[in-house]
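This is the structure alone, sequence omitted:
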């Protein structure tokens, strides 16, 4: 028997094709489909989650680490610090209560204000009617009107159930992405998809911020008779913004300039004397000790 | 933002160097296949017509090839919609041919001209490990002989 060893031509198993075309078709195709799925899911989740009663939301977060850690922070302070902080907290709570009446919050919504004595320039509303305000933010304000704008903004988030909507959306999207990533058995895919989905979810958050801004503005006008001092908030925020200046699509809050524009459209010309309410002395005291 | 930049950078690195490495490897494979053309390989245990052969010796060739990041992403995307995983096809083709070449090289060093009962084993050595670029191992082995083929 005669054996020969012929030369096998190349290109039977492997063709020298440029894979870039295939890559982009797949990336955009999959990207569009996944984005659509996530938008639909997050709209449905955002709508359904409103049917969770506030009482259920309230009991859900009683043991949430974010809230208990704030309490722990307070317990670690000395007695003197504790009492002065307690006064600030009481003042903030009273302001929140006043504003929540003006804002017509449903009677079953209990608002709890937490005051954290650190330099962080931040305030946020979270599940269960909890509002957390950092000392660093208070230090930026000169008048109660400005603080009231922040407070009313956070109250509006709670009124419109934004925290639980955000959580519901976040969970739904996370579950959807985990499923897709599980199917493809690759964390790379979830990485890409995560980036795509982030954009769609952020767009909703900006809409919510606008809604809260508007409600806060109306509340401040109702409470003080004018919005003088409330717009100071954005000047204060602007000085922080300048340090980071994130591109618009990456930021959850609308850009400060955009927010001022939005509010100017609402501006009411009131004949009432525009007197500003100063912050109480105890907050000024906290400011100087820092 | 940082994640996106990192991702695109890795993708570009994978694409550029992955393609370069593949091209270079294929050229080297084609060249060496010419060099060892005289060594015949058989999958049969006892091919007909082999006479006057020497004592047999085990010869083997083993290779591990890593996939690049770009191909991994491409394959992961393909995994969602189905279809031919061309990205992995070329990887496996390279691995098989390289393993056989190394086996032939080993036979050549022993002064043998025929390898019978050639078998290939393929395994993924990163199986089950997430977040890792996959790599494949191909192991070729057979019995080398110095035989007259009539």
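Good, I have the coordinates. All of these numbers come straight from a predicted model, not from anything done at the bench. Residues are numbered from 1 along each chain as shown, chains lettered A, B, ... in the order given.

Let's verify residue A:9: helix, strand, or coil?
Assigned by DSSP: H, G, I helix; E, B strand; the rest coil, the conformation of residue A:9 is coil.

Now do it, the pLDDT please.
Per-residue confidence (pLDDT) for residue A:9: 88.

And residue A:200, by the same measure?
54.

again, but for the one 4 residues further on
Turning to residue A:204, the model gives it a pLDDT of 57.

cool, and residue B:36?
93.

Quick check: closest non-adjacent residue to it.
residue B:104 (4.3 Å; Cβ to Cβ, 6 or more residues apart in numbering or on different chains). Quick note: C-beta positions are derived from backbone N, CA and C, even for glycine.

so how many other residues sit close to that neighbour?
Residue B:104: 27 surrounding residues under other Cβ atoms under 10 Å in any protein chain shown.

That one and residue B:115 touch, don't they?
Yes. With contact defined as Cβ atoms under 8 Å, residue B:104 counts as touching residue B:115 (7.0 Å).

Touching both of these two, which residues are there?
B:39, B:41, B:59 (Cβ atoms under 8 Å, 6 or more residues apart in numbering or on different chains).

what's near enough to touch the closest residue to residue B:124 other than its chain neighbours?
On the basis of Cβ to Cβ, 6+ apart, the spatially nearest residue to residue B:124 that is not a chain neighbour turns out to be residue B:136, at 5.7 Å. Listed by Cβ under 8 Å, 6+ apart, the contact set of residue B:136 reads B:64-65, B:67, B:88, B:91-92, B:95, B:122-125.

so can I have a markdown table of the shared contacts of residue B:104 and residue B:115 showing pLDDT, secondary structure and distance to chain A?
Converted to a markdown table, these look like this (pLDDT from 0 to 100; DSSP: H, G, I helix; E, B strand; the rest coil; distance: Cβ to the nearest Cβ, whole Å):
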| residue | pLDDT | secondary structure | distance to chain A |
| --- | --- | --- | --- |
| B:39 | 92 | coil | 9 |
| B:41 | 93 | strand | 9 |
| B:59 | 96 | strand | 17 |
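
By neighbours, which of the residues you listed wins?
Compared across the shared contacts of residue B:104 and residue B:115, residue B:59 has the highest neighbour count, 25 neighbours, by other Cβ under 10 Å.

still on that earlier bit, let me know the closest of the shared contacts of residue B:104 and residue B:115 to residue A:116.
Checking those against residue A:116 with Cβ to Cβ, the nearest one is residue B:59 at 72.0 Å.

give me the number of residues near residue 17?
I went with chain A, as the question did not name one. 10.

looking at chain B here, not the other one
By other Cβ under 10 Å, 13 other residues sit near residue B:17.

ok so, going back, going by distance to chain A, which of the contacts of residue B:136 wins?
Chain A lies nearest to residue B:92 out of the contacts of residue B:136, by Cβ to the nearest Cβ, at 8.3 Å.

which residue packs closest to residue 29, ignoring adjacent ones?
The chain I'm using is chain A. Nearest residue to residue A:29, sequence neighbours excluded (Cβ to Cβ, 6+ apart): residue B:81, at 7.4 Å.

wrong chain, I was asking about chain B
Spatial nearest neighbour of residue B:29, excluding adjacent residues (Cβ to Cβ, 6+ apart): residue B:97 at 5.0 Å.
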